[in-house]
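Chemist: Provided below for reference: sequence and predicted model.
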Amino acid sequence: MTGRVTLVGAGPGDAELLTLKAVRALQSATVILHDHLVGPNVLEFASAGARRIPVGKTGHGPSCKQSDINALMIEFAVAGETVVRLKGGDPLIFGRATEEIDACRAAGIDVSVIPGISAAQGAASSLLLSLTERRHARRVQFLTGHGADGRLPGDIDWSSVADRKVTTVVYMPRKTLDEFVRLALRKGLDPATPAIAVASATLPEEIHVAGPVAEIGALAEELPAGAPVAVLIGWVGRGHVAAQGALLPFPRALAS
């Protein structure tokens, strides 16, 4: 009998942020293919007999190939296993979910997705910061700090980044943050725009630095090496920047 595959969001780090549906999936799984960012506390929810296989992908470093991950999912499902593909954050936000879903469908494997709390939401909750504060942000956007080649994507909409009415969250930007900021400033982003770089969001070792976006690259170098980082850019973060002693111009609030 053919098994099935479920893509499960492990959340940003804190195991207590797992959804009930994610916990149930972990408890019923016979095989768990998990990313390297998924903490051991999350895996503790799995049944004792489940086989746990790390298939982590690391930016700019050794990684398990996506084709190999796809092949493992299908191999185990064809063998009748109940497979959980456990991903940090939410599987549908920079999680290569489409490639894995397509691979399962092509092989005739039943596949489903259980969403998770995203890194952006986890960081914002720790900072007590609303991503869409109505007087300072009309929308929020998620950008990746690197493309498939490990470099800053060349098709970023810089006018959108420069918009004073948006909160931008940049995922996985450690190697490209300086370039991102340089190009954003050149394309019109106000250098005084608040920015916060958060490492290991929601975990006990979480740490963040804050300052004007023009300085965030240098500030982020203080964060622990190897820790996952997200950078929040926008006037919703003005309070955290002010708390660091930086002087900011009074932001022009939007009409309520």
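Modeler: Looks like it arrived, so ask away.
Chemist: drop to CA atoms for contacts and neighbour counts, all remaining ones
Modeler: Noted.
Chemist: got the buried residues for stretch 159-166?
Modeler: Of the residues in stretch 159-166, those buried under the neighbour-count criterion (16 or more other Cα atoms under 10 Å) are S160, V161, A162, R164, K165, V166.
Chemist: of those, which belong to helices?
Modeler: In helices, judged by DSSP state H, the following of the buried residues of stretch 159-166 are found: S160, V161, A162.
Chemist: any stretches of the stretch 1-150 of the chain with poor pLDDT?
Modeler: 57-63 (pLDDT under 70).
Chemist: show me where it has its strands.
Modeler: Assigned by DSSP state E, counting those that start in this stretch, the stretch 1-150 of the chain shows strands spanning 4-9, 31-34, 51-54, 82-87, 110-114, 139-144.
Chemist: need the winner for burial among those strands.
Modeler: With neighbours defined as mean count of other Cα atoms under 10 Å, the strands of the stretch 1-150 of the chain peak in mean count at strand 82-87, which reaches a mean of 27.
Chemist: in stretch 96-109, what counts as buried?
Modeler: Using 16+ other Cα under 10 Å as the burial criterion, the residues of stretch 96-109 that qualify are A97, E100, I101, A103, C104, I109.
Chemist: W235 and P194 touch, don't they?
Modeler: Yes - in terms of Cα atoms under 8 Å, W235 counts as a neighbour of P194; the distance is 5.7 Å.
Chemist: okay if I get the buried residues of stretch 159-166 as CSV plus pLDDT and distance to A184?
Modeler: What follows is those, written out as CSV (pLDDT from 0 to 100; distance: Cα to Cα, whole Å):
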residue, pLDDT, distance to A184
S160, 97, 10
V161, 97, 7
A162, 97, 7
R164, 95, 12
K165, 95, 15
V166, 97, 14
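Chemist: quick revisit: got JSON lines for the strands of the stretch 1-150 of the chain, with distance to L18 too?
Modeler: Rendered in JSON lines, the data for the strands of the stretch 1-150 of the chain read as follows (distance: least, Cα to Cα, whole Å):
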{"stretch": "strand 4-9", "distance to L18": "8"}
{"stretch": "strand 31-34", "distance to L18": "15"}
{"stretch": "strand 51-54", "distance to L18": "18"}
{"stretch": "strand 82-87", "distance to L18": "11"}
{"stretch": "strand 110-114", "distance to L18": "10"}
{"stretch": "strand 139-144", "distance to L18": "21"}
